[in-house]
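*Asks:* Quick one, fold the following:
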Amino acid sequence: MAVDVGHREVAEVLGEAARLGPYFEIVTGVQADGAGWSAFPGEVGKLDALSGDYAERLGTGEARVASSLLFQGLAARLWSPVVASAALGVVPDLGELRWRGLPGEPIVLGVVEPRGWRVNDAVGAAERVYSVVVDGQLRRLRELTAGLAEGLAWGNAASALVGSLNVGPDDLARRAIVRELLGREPLEATGVWGTHGYVRRSCCLYYRVPGGGMCGDCCLRPEM
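*Replies:* Model prediction:
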């Protein structure tokens, strides 16, 4: 059973998770308040503006490519800190998640008054993480992201989840939670584990970016 955890402990765990890298950061307290901050994911207009900025920076005229890569990047920013914190025994509550990021600026996530739940095993952690990330954030984000097919969206989400394991030391607790999450719909049908690691069944479309290529988990790679 998950137990409620207070502000200070959740903030400490999030701070420890953030040491793994920028995609693992959720700032807390006054850092997550003030000018430029708004509720995540906000309105369609903000996502459209960010997607347009992505398209311009990537040099692509294909809106669906930019939308796909933006969604995958945001999914990574959601999964990474939550799974890393869960591996430390606490799943943060993202019900009051905020973000700051305008076209051309780095995206930052934050929670003013962090709360969470203590978890004791991979199954319990995955159940709580699923509720927080998939039901609490990704379903709404997918609805607001223009031109993103269902299979592509959840393939991107699963790829971002597995990709979070490539940052920092090999962590058996994180790996166990990720495995549990990948066994749940709508992630379960998005890929398989093979001799070359995780292989997704859809493509994020990065190969359509000028100068891009195929990701390590891409089903289009010849060796896959």
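*Asks:* Tell me which other helices or strands the longest helix belonging to the chain touches.
*Replies:* Criterion DSSP state H: the longest helix present in the chain is helix 63-87. On a contact count with 3 or more C-beta pairs under 8 Å, 6 or more residues apart in numbering; DSSP states H and E, helix 63-87 meets helix 7-18, helix 44-58, strand 90-92, strand 108-111, helix 122-130, helix 139-144, helix 150-163, helix 172-182. Bear in mind the C-beta positions are built from the backbone N, C-alpha and C, glycine included.
*Asks:* and these, which is most packed in?
*Replies:* Ranked by mean neighbour count, the helices and strands packed on helix 63-87 are led by strand 90-92 with a mean of 28 (mean count of other C-beta atoms under 10 Å).
*Asks:* and the next helix or strand after that one, which residues are buried?
*Replies:* Toward the C-terminus, strand 90-92 is succeeded by strand 98-100 as the next helix or strand (DSSP states H and E). Of all the residues in strand 98-100, those buried under the rule 16 or more other C-beta atoms under 10 Å are 98-100.
*Asks:* which regions of the protein sit below the pLDDT cut-off?
*Replies:* Low-confidence segments of the chain (pLDDT under 70): 1-3, 222-224.
*Asks:* Please repeat the previous calculation with a cut-off of 90.
*Replies:* The model of the chain has pLDDT under 90 over residues 1-7, 34-36, 42-50, 53-54, 101-106, 146-148, 194-196, 206, 212-214, 216-224.
*Asks:* Run a quick neighbour tally on the closest residue to Cys218 other than its chain neighbours.
*Replies:* In this structure, Cys218 finds its nearest non-sequential neighbour in Cys203, 5.8 Å apart by C-beta to C-beta, 6 or more residues apart in numbering. Cys203: 20 surrounding residues under other C-beta atoms under 10 Å.
*Asks:* next one: Pro210
*Replies:* Neighbours of Pro210 using other C-beta under 10 Å come to 8.
*Asks:* Which of the three states applies to it?
*Replies:* Secondary structure of Pro210, reduced to three states by DSSP: H, G, I helix; E, B strand; the rest coil: coil.
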